[in-house]
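1. Below: sequence and its predicted model.
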Amino acid sequence: MPMETSAFKNAMKQFDAAARFMNLTEDQIVMIKEPRRVTVVKLPVRMDDGRIEMFKGYRVQHNVARGPAKGGIRFHPDVTVDEVKALAFWMTYKCAVVNIPMGGGKGGVVVEPSLLSPGELERLARRYFAELMDVFGPDRDVPAPDINTNPQIMAWMMDTYAMHHKDFVPAVITGKPLELGGSLGRMSATAQGMVFCVREAAEKLNIDLKTASVALQGFGNAGSFAVKLLREDGCKIVAISDISGGYYNRGQGISVNEAIDYVREHKSLKNFDKHTDVKKYKDPMQLLEEEVDILIPATLENQITEDNAERVRPRVIAECANGPCTVEADAILEKNNVFIIPDILCNAGGVTVSYLEWVQNRMGYYWEADRVQQDLHRIMVKAFEDVYQTSLRHKVNMRIAAFIIGIERVTRAAEMRGLYT
Ligand code: NAD
C-alpha cells in the first residue's frame, strides 16, 4: 500500500511547500524544480543458461548548476523512472544543504539481484555503465552505491569506464573498495552522519541518548551501522526489520552485534526470532508505531503516509531512507510534535564522504580515517545548525527549512551561471 504514492509527486509537493516561504519567480522555479535529463537504456545480458535477458536501466540528472551530478545506483525490482527522478531531485538539494559542490543524479536498474549469479550481476553492471558511458564522467556525473549495490559493483563499473578510456579514472564513481581508491569511512558514512544529526537533535530536545530507545526499519548497509553506532552511544535498540520481517524485544533490547553476525551468516534476519530472545511482528509495518524516542526508517520511500502517520509517535524520526514520509504524513507528524531530521540532511553523510573520496581520487593522495571523520563531523554539524536556525527563523519544520537552504543555493548558482542560448 505505501508504494502507491508517487515518490516524484511527493518530491514536487515538498518543493512547493518550501517555495511558499520564498519569493521565487516563475523563471527561477522552472530552472531548478524538474529534472534536466532522463536517460533510459535497455541492457541485454547473456545469462548463465545461454539465453539473453533484457533489463531496463535509468540515469537521471536533476540539476548540475552547482557541480557534477552525484547520486547512487539502485538495483531493485520496483525501480521506476518516477522513483529515480525523485531520488535525483533529493540529491540536488541534499548536496546543497551540506554545501558540497555537486549536483543531483540517480540511477536504477529494474532487477532482483539476488536471483542473478555473480557472473550475471557483473555483466549487468558493466553493460549499464557501458550504455551510459557518455553520461558519466568525473566532471559530469559521478555515481555511487545505493540499495543492493556495493563496492564490488562500483569496482566493475569503474573498470568498464577505465577500459574504454584507457586510463585509471577512480573519480568516475565513489563507494569503491579501498584497494581501488575508496575512502576510509565511506561504508559507515551515511550512518555516521545520521548519528551526528541525532546527537544534535537530542541536545536541542533534551533527550538523553544513554536511555533513549530506538526502532529501525531496514537492517541494511545504512541502517545496521546506524543502530550499531547508536548502541555505542548507549541507546537501547528495541526493534529492527528487514525484508524478512520485523523483530522486537522491548525489555532487554536487541543485541546489534548478534544481529549483524546473524545476517552475515544467514544473509538476512529470517528466523532471527527462532534463534534469539526476540519476537516477530505479525505485520512488519507495526514497527513504525513502536513507542520509542527515535525511529529510523532505512528502506524505501513512502513508508509513513496519511494512513499510518497518526499512530507514528516517536520523539524524533531520523530519515536514513530517502523520502520515507509523504507530505500529508509530515503535516500529521508536525501536529503531533514529532521532530523530523529530513532525509536531505539526515542521510547526507554518504554523499559527503563520497565527495571526500572524489577529492582524494583527484589529488591521488589518501587521508587517514580521522581526517575523513573530522571533515564529516564539521560538515554535518554545520548543516544541522543551519537547518535548525532556518527552521526557527521562518517558523517552519526541519524539512521545509532544509529545502529553503537548498533551493536558495541552487537558485543562486543557476542565476550566476546565466542562460546559455
Ligand atoms: P540496503 O540494500 O543495504 O538495505 C536495505 C534494507 O532494507 C535491507 O535490509 C532490506 O532487507 C530492507 N528492506 C527492504 N524492503 C523492506 C521492507 N519493506 N521492510 C523492511 N525492510 C525492508 O540499502 P541501504 O544502502 O542501506 O539504503 C537504505 C536506504 O538508505 C535507502 O532509502 C537509500 O536510498 C538510503 N541511503 C543510503 C545511503 C548509503 O550510503 N547506503 C546513503 C543515503 C541514503
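-> Done, it's in.

2. can you give me the strands in the stretch 1-150 of the chain?
-> Assigned strands in the stretch 1-150 of the chain, in chain order: 37-46, 52-63, 69-76, 103-110, 141-145 (criterion: DSSP state E, counting those that start in this stretch).

3. ok, now which ones touch the residue of the stretch 151-300 of the chain found nearest the ligand?
-> At 1.7 Å from the ligand, residue 220 is the closest residue in the stretch 151-300 of the chain, using C-beta to the nearest ligand atom. (Each C-beta comes from the backbone N, C-alpha and C, glycine too.) Residue 220 makes contact with 147, 242, 298-299, according to C-beta atoms under 8 Å, 6 or more residues apart in numbering.

4. Stretch 338-357 - what's its average pLDDT?
-> For stretch 338-357, mean pLDDT is 98.

5. can you pull the buried residues of that stretch?
-> Across stretch 338-357, burial judged by 16 or more other C-beta atoms under 10 Å covers 338-357.

6. Output those of those also counted as contacts of the ligand.
-> Contacts with the ligand within the buried residues of stretch 338-357, counted by C-beta under 6 Å from any ligand atom: 347, 350.

7. Show me the buried residues of stretch 338-357 that map onto helices.
-> In this view, these that belong to helices under DSSP state H are 343-346, 349-357.

8. Give me the below-cutoff pLDDT ranges for the stretch 1-150 of the chain.
-> For the stretch 1-150 of the chain, the stretches with pLDDT under 70 are 1-4.

9. got the residues of it near the ligand?
-> 145-148.

10. Out of the residues you listed, grab the one that's most surrounded.
-> Taking other C-beta atoms under 10 Å as the neighbour criterion, residue 145 ranks highest of these with 26 neighbours.

11. Contacts only, for the residue lying closest to residue 141 once chain neighbours are set aside.
-> Spatial nearest neighbour of residue 141, excluding adjacent residues (C-beta to C-beta, 6 or more residues apart in numbering): residue 69 at 4.0 Å. Contacts here follow C-beta under 8 Å, 6+ apart; on that basis residue 69 touches 61-62, 88, 91, 102-105, 140-142.

12. same for the longest helix along the chain, what does it pack against?
-> In the chain, with assignment by DSSP H, the single longest helix is helix 369-394. Packed against helix 369-394, as judged by 3 or more C-beta pairs under 8 Å, 6 or more residues apart in numbering; DSSP states H and E, are the following elements: helix 81-97, helix 189-205, helix 343-346, helix 349-363, helix 398-417.

13. What is the burial count for residue 369?
-> By the measure other C-beta under 10 Å, the count of residues near residue 369 is 11.

14. how much space between it and the ligand?
-> The spacing between residue 369 and the ligand, counted by C-beta to the nearest ligand atom, to the nearest Å, is 17 Å.

15. cool, and residue 136?
-> Residue 136 sits 18 Å away from the ligand, taking C-beta to the nearest ligand atom as the criterion.

16. And for residue 416?
-> On the measure of C-beta to the nearest ligand atom, residue 416 and the ligand end up 28 Å apart.

17. before we move on, what about residue 401?
-> Distance from residue 401 to the ligand, counting by C-beta to the nearest ligand atom: 19 Å.

18. Residue 92 contacts residue 63, doesn't it?
-> Yes: Residue 92 lies in contact with residue 63 (C-beta atoms under 8 Å); the separation is 4.3 Å.

19. Please verify my assumption that residue 46 contacts residue 55.
-> No: taking C-beta under 8 Å as the definition, residue 46 is not a contact partner of residue 55, at 11.8 Å.

20. between these two, which one's more packed in?
-> Set residue 46 next to residue 55 and count neighbours by other C-beta under 10 Å: residue 55 wins out with 17 against 13.

21. What is the burial count for the closest residue to the more buried one other than its chain neighbours?
-> Once flanking residues are discounted, residue 55 sits nearest to residue 43: 4.2 Å by C-beta to C-beta, 6+ apart. Neighbour count of residue 43, defined by other C-beta under 10 Å: 21.

22. what sits against residue 43?
-> With C-beta under 8 Å, 6+ apart, residue 43 has these contacts: 54-57, 109, 124, 127-128, 131.

23. mind redoing it with 7 Å?
-> Contacts for residue 43 were tallied using C-beta atoms under 7 Å, 6 or more residues apart in numbering; they are 54-55, 57, 124, 127-128, 131.

24. Can you report how many residues lie near residue 413?
-> Residue 413 has 18 neighbours, counted by other C-beta under 10 Å.

25. What of residue 377?
-> By other C-beta under 10 Å, the residues close to residue 377 number 15.

26. Make sure it is actually in contact with residue 197.
-> No: Residue 377 is beyond contact range of residue 197, at 10.8 Å (criterion: C-beta atoms under 7 Å).

27. quick check, residue 287 in a helix?
-> Yes: under DSSP: H, G, I helix; E, B strand; the rest coil, residue 287 sits within a helix.

28. Leaving out the residues flanking it, which one is nearest to it?
-> Nearest non-adjacent residue to residue 287, counting by C-beta to C-beta, 6+ apart: residue 246, 4.2 Å away.

29. could you dump the helix or strand harbouring that neighbour to PDB, C-alpha only?
-> Using DSSP states H and E, residue 246 sits within strand 245-248. Taking Å, rounded to 0.1, in the frame of the first residue of the first chain, the C-alpha atoms of strand 245-248 are listed here in PDB:
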ATOM      1  CA  GLY A 245      10.000  -9.200   8.800                       C
ATOM      2  CA  GLY A 246      10.200  -7.100  11.900                       C
ATOM      3  CA  TYR A 247      11.700  -8.300  15.300                       C
ATOM      4  CA  TYR A 248      11.400  -6.700  18.700                       C
END
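
30. Mind giving me the packing neighbours of it?
-> Other elements packing on strand 245-248 under the criterion 3 or more C-beta pairs under 7 Å, 6 or more residues apart in numbering; DSSP states H and E are strand 236-242, strand 279-280.

31. most tightly surrounded among those strands?
-> The highest average neighbour count among the helices and strands packed on strand 245-248, using mean count of other C-beta atoms under 10 Å, belongs to strand 236-242 at a mean of 24.

32. Pull up the pairing partners for that strand, direction included.
-> strand 213-217 (parallel), strand 245-248 (antiparallel) (DSSP bridges).

33. hmm, who's touching it?
-> 213-220, 227, 230-231, 246-250, 253-254, 256, 259, 268-269, 284, 287, 290, 292.
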